[in-house]
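Participant: coords below, sequence missing:
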């Protein structure tokens, strides 16, 4: 089988287990005469392994002609905020030590080299989920990162 096809299938299978983001909104930051404006995009995704945890990402998106064609490289600037939106039940897989974390979200921010990732850790001592967003490259990543923690608390629903 052709190597390109094998790598494409492996990448497709890997992405099936990860969350897909939906755009919540965006704001323009720089006007571009040709092509779309530079902007900050706000996206939401649900943790694929932990029901009732939703994360919101804001990230820079490069516009202009290159950005419109998908050839521009977005900056490493991003922020994250995650919340419990219902009762949380953790699987044994999550509880049994994730010192290196689990990738729960990835998005390409350049044609080939850069991607934005969100990794989830479980802090058993504090009974919390910790989400780290960062950008990496094939050769050199960026130290820019953002962090959000979700304390796992009993869910209370107000009864009417």
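Facilitator: Noted; the coordinates are in hand. Here the structure is a predicted model, which means the values were calculated and not measured. Residues are numbered from 1 along each chain as shown.
Participant: residue ranges of the helices in the protein, please?
Facilitator: 3-16, 64-69, 92-95 (DSSP state H).
Participant: what does the shortest one rub up against?
Facilitator: Taking C-beta atoms under 8 Å, 6 or more residues apart in numbering as the criterion, the residues outside helix 92-95 that touch it are 49-50, 102, 120, 122, 124. In short, each C-beta sits where N, CA and C put it, glycine included.
Participant: mind listing which of those are in strands?
Facilitator: Judged by DSSP state E, strands contain the following of the contacts of helix 92-95: 102, 120, 122.
Participant: Switch those over to a markdown table; also include neighbour count.
Facilitator: Output for the ones in strands among the contacts of helix 92-95, formatted as a markdown table (neighbours: other C-beta atoms under 10 Å):
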| residue | neighbour count |
| --- | --- |
| 102 | 18 |
| 120 | 23 |
| 122 | 22 |
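Participant: Which one of those is nearest to residue 56?
Facilitator: Nearest to residue 56, judged by C-beta to C-beta, of these is residue 120 at 14.7 Å.
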